[in-house]
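Colleague: For reference, the sequence and a predicted model appear below.
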Amino acid sequence: MPEFVEIFEMGPRDGLQNEKRLIPAADKIALVDLLSQAGFRRIEVTSFVSPKWVPQMGDAADVMAGITRAPGVSYAVLTPNMKGYEGARAAQASEVAIFASASEGFSRANLNATIAESLERLAPVAQAAQADGIPVRGYVSVVTDCPFDGPTPPANVARVAAALRDMGCYEISLGDTIGQGRPETIDAMLAAVLDELPADRLAGHYHDTAGRALDNIDASLARGLRVFDAAVGGLGGCPYAPGAAGNVATEKVAAHLAARGFAHGLDMAIIEKAAAFARSLRGDAHA
Ligand code: HMG
Ligand code: MG
């Protein structure tokens, strides 16, 4: 039996959040519904963040209300604060994700807060979600390189990952937000984080800006990670990370895993269809 590696689909959230043209909620719903048939266990649908900060995600409630939920699929949303959490709960998100930065520069740019302030703001979100029986996932951003502060010391990533673990996150996803990580820097970062958390509570979230995401996934597989975030069509980028390109493409990761002898459980015909549809939603700037 081939070993299973899970791909957590990010396309509707990380893939689309950076698009300048406001994509109609109906198109986002159609994308999620297509992805729901592809065999994913988890799909990140949208973000309950400030629409002043990320206008593209301003229709989060409409998208959540419009999707057709497939049995066995967890529909995740980002929640940066209690206001976002209330929205997520009202929308009956299956799980929520809280997100923090390993660098002060990116924390300020993305969350308008220091790392310590952001963790303080996230603690009640994690607490409320757990009281409501909603699983909480955590992200650490800029795990190897920050567009503002330069290289990120691995110990800083481990510290923030441990803080999110202590809040009750069931899994911590490690974000190479600007896709500048290399197998060596990813490996050094993982070595530090693995002192705090076992590999089965970690995920790799690698953007493919420099075309090294698959190499970084290989370095992470070697460290025992078995969950990777990816977006169909390789869409995406973070609006507050200059130079950030898309998440590594789901279809690329799936093909790579299959070639390496891992099972991923995805229907590639549906993935290709979803990737083409996702690409069609992009503005001309990316053509
Ligand atoms: P702030 O401006 O300091 O917050 O932003 P505030 O509390 O002063 O609120 C400002 C306004 O936003 C207020 O409205 C609030 O009500 C409203 P006003 O009174 O002016 O009319 N507001 C909200 N509205 C809806 N939902 C909410 C919400 N919160 C406040 N949840 C804040 C602080 C955290 C809100 C802001 O910085 C923010 O929303 N940041 C999110 C940025 C973001 O979404 N970035 C992309 C996702 S992270 C990512 O892509 C990285 C990841 O993929 C991993 C990786 O690649 O590394 C996960
Ligand atoms: Mg990301």
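Modeller: Perfect, I can see it now. Ligands and ions are numbered 1, 2, ... in the order given.
Colleague: Closest residue of the stretch 51-200 of the chain to ligand 1?
Modeller: The minimum distance from the stretch 51-200 of the chain to ligand 1, using CB to the nearest ligand atom, falls at Gly175 (2.3 Å). C-beta coordinates here come from the backbone N, C-alpha and C atoms, glycine included.
Colleague: three-state assignment of that residue?
Modeller: Secondary structure for Gly175, judged by DSSP: H, G, I helix; E, B strand; the rest coil, is strand.
Colleague: and Asp218, how many neighbours does it have?
Modeller: For Asp218, the count of nearby residues is 15 (other CB atoms under 10 Å).
Colleague: and what of Gly66?
Modeller: A count of nearby residues for Gly66, using other CB under 10 Å, gives 15.
Colleague: contacting residues for the residue of the stretch 51-200 of the chain closest to ligand 1?
Modeller: Residues counted as contacts of Gly175 (CB atoms under 8 Å, 6 or more residues apart in numbering) are Tyr139, Val140, Ser141, Val142, Val143, His205, Tyr206, His207.
Colleague: In strands only, show me these.
Modeller: Residues of these located in strands (DSSP state E): Tyr139, Val140, Ser141, His205, Tyr206.
Colleague: Verify the contact between the last one and Ser173 for me.
Modeller: Pointing back at Tyr206 there. No. Between Tyr206 and Ser173 there is no contact, the gap being 10.1 Å when judged by CB atoms under 8 Å.
Colleague: any common contacting residues for the two?
Modeller: Common neighbours of Tyr206 and Ser173, using CB under 8 Å, 6+ apart, are Asp229.
Colleague: Neighbour count for the two, which is higher?
Modeller: Taking neighbours as other CB under 10 Å, Tyr206 and Ser173 compare with Tyr206 leading, 29 against 25.
Colleague: Ignoring the adjacent residues along the chain, who's closest to the more buried one?
Modeller: Ala213 (4.2 Å; CB to CB, 6 or more residues apart in numbering).
Colleague: how close does the one you found get to Ala231?
Modeller: Shown here: Ala213 relative to Ala231, a distance of 11 Å by CB to CB, to the nearest Å.
Colleague: what touches both of those two?
Modeller: Listed as contacting both Ala213 and Ala231 by CB under 8 Å, 6+ apart are Val248.
Colleague: residues near the nearest residue to Ser36 once chain neighbours are set aside, how many?
Modeller: Nearest non-adjacent residue to Ser36, counting by CB to CB, 6+ apart: Ala70, 4.1 Å away. Ala70 has 16 neighbours, counted by other CB under 10 Å.
Colleague: do the same with the one 5 residues further on
Modeller: The burial metric for Tyr75, expressed as a neighbour count using other CB under 10 Å, is 22.
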